[in-house]
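>>> Coordinates only, no sequence provided:
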């Protein structure tokens, strides 16, 4: 799949990874065992904490007891197995699953890309570009801030994408959106320059020229490998490699402008202008033994402004979004059929009819 398609997948309205606090500090050992002192002088206790002990941007998860000491089985050295709080741990006391130590990317002040990590990232991108189709499970956890209130939302989507005989993109997407405890099914697909949406029996379509967006993104020389990704670093565990990075705000906003301009005409017909800006974004890619991206995590903090042409009033919203993407059978071709387009109304026509 082309690089812009990965951007589109992430930007579509995308579960949080297991989350414990991450601390910077220092390990200590005394006659009673190991404990960890945080930068503020406090120490970890009563639970699991993500700790980047060597400050390389990758944290491991450790369990500390009430006294603040790292919890491990006393017989670990003899049995080569260990557990803490009912979970498997490795020889250093870090949480592991089936013998694989679990890691989590944490922020570090590094702008340069590690050359080895960049090579693996570029090769995975090239493989993705060569694929004509993809099958992706996408989970979104979103907090929207509006008028001083926070609203939590989530979406779970199954997305299949492919290029047709002309090289144009098609996709089908099924899922569920949950807002304030109310779950709404979503069924949508894209073909021939239109996004089709069917939710609870209400069918509409919206013109969306993704090919124009792709062309515009190409004109600004968008390159995910060198222009956008910063602080790229790698963690290797067996045949699996994890790549963590931050994203250049200016470059990603140029791409966002290219994508949103594809729907600008529709919003103009509705009498509003939509502006979006990404404030912060970072991610983590998992590459399998064959060099394919098999998972992607992303965090986005972005603002959205909707201005009414009649009143010139603007509604301001902020979104914080965690995205988990799992690529199913990467490298294998995906087959699907586009549903019938019968019975879908243009969104602008439906809006005018409702207003009248």
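Thanks, I have the structure now. As the structure is a computational prediction, the values presented were derived from the model and not from experiment. Numbers count the residues shown, from 1 in each chain.

>>> and the residue lying closest to residue 275 once chain neighbours are set aside, what helix or strand is that in?
With CB to CB, 6 or more residues apart in numbering as the criterion, residue 275 has its nearest non-adjacent residue at 4.5 Å, and that residue is residue 305. All C-beta spots, glycine's among them, are computed from the backbone N, C-alpha and C. Using DSSP states H and E, residue 305 maps to strand 293-308.

>>> partners of that strand, with directions?
With DSSP bridges as the test, strand 293-308 is paired with strand 272-287 (antiparallel), strand 314-327 (antiparallel).

>>> can you redo those as TSV with distance to residue 185 and mean pLDDT?
Compiled in TSV, the strands paired with strand 293-308 are given as follows (distance: least, CB to CB, whole Å; pLDDT from 0 to 100):
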stretch	distance to residue 185	mean pLDDT
strand 272-287	25	86
strand 314-327	20	89
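
>>> got CSV for those strands, with distance to residue 344 and mean neighbour count too?
CSV is the format used below for these (distance: least, CB to CB, whole Å; neighbours: other CB atoms under 10 Å):
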stretch, distance to residue 344, mean neighbour count
strand 272-287, 22, 18
strand 314-327, 27, 18
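
>>> want to try TSV for these, with distance to residue 103 as columns?
Rendered in TSV, the data for those read as follows (distance: least, CB to CB, whole Å):
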stretch	distance to residue 103
strand 272-287	10
strand 314-327	16
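
>>> so which of these comes closest to residue 174?
Distances from residue 174 to each of these were compared using CB to CB; the minimum, 15.3 Å, belongs to strand 314-327.

>>> Moving C-terminal from the closest one, which element do we reach first?
Counting by DSSP H and E, the element after strand 314-327 in chain order, helix or strand, is strand 345-346.

>>> picking up where we left off before, among the strands paired with strand 293-308, which comes closest to residue 245?
The stretch from those with the least distance to residue 245 (CB to CB) is strand 272-287; that distance is 5.8 Å.

>>> surely residue 246 meets residue 281?
Yes: distance between residue 246 and residue 281: 7.3 Å, which falls inside the contact criterion (CB atoms under 8 Å).

>>> tally of neighbours for residue 306?
Other residues within reach of residue 306, judged by other CB atoms under 10 Å, total 16.
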